[in-house]
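1. below are the sequence and a predicted model; questions follow.
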Amino acid sequence: MEYNELVQRVGWGEEFQFYYQDEEYWISTNKEGYYLTRGKDSFTQSFLTSEELFREGRIDEKSILELWNLIEI
């Protein structure tokens, strides 16, 4: 999957599980917002829009785009 496809599909309301450095993460959504959650400790970052999630969400102080080549979906 290409990064732009992920962004588009999350914007449509799809949810995704992915791995970065063998750690599980989730992108999820509900009527109140979008969430980026680390599986091992349930640390969650909350956002009002999918655009904000991809712009402001951080894993190891980097955006999903910056880590894209290291992420496994």
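-> Right, received. Where do you want to start?
2. what strands line up against the longest strand along the chain, and which way round?
-> Counting by DSSP state E, the longest strand found in the chain is strand 23-30. Paired with strand 23-30 in the same sheet, following DSSP bridges, are strand 16-20 (antiparallel), strand 33-38 (antiparallel).
3. give me every residue that touches the residue nearest to I73 when sequence neighbours are not counted.
-> Among residues not flanking I73 along the chain, F18 sits closest, at 4.7 Å (C-beta to C-beta, 6 or more residues apart in numbering). The way it works is simple: take the backbone N, C-alpha and C, and place the C-beta from them, glycine included. Contacts for F18 (C-beta atoms under 8 Å, 6 or more residues apart in numbering) come out as E24, Y25, W26, I27, I71, E72, I73.
4. which strand residues bridge F18?
-> Y25.
5. and if you look at G33?
-> N30.
6. let me know the pLDDT of it.
-> Note for G33: predicted pLDDT of 98.
7. tell me the spacing between it and L48.
-> 5 Å (C-beta to C-beta, to the nearest Å).
8. which of these two has more residues huddled nearby?
-> A direct count of neighbours by other C-beta atoms under 10 Å for G33 and L48 places G33 higher, at 14 against 10.
9. let me see the contact set for that one.
-> So G33 contacts S46, F47, L48, T49 (C-beta under 8 Å, 6+ apart).
10. mind checking how far it is from K40?
-> For G33, the distance to K40 - C-beta to C-beta - is 22 Å.
11. give me the buried entries from the contacts of F18.
-> Y25, I27, I71 (16 or more other C-beta atoms under 10 Å).
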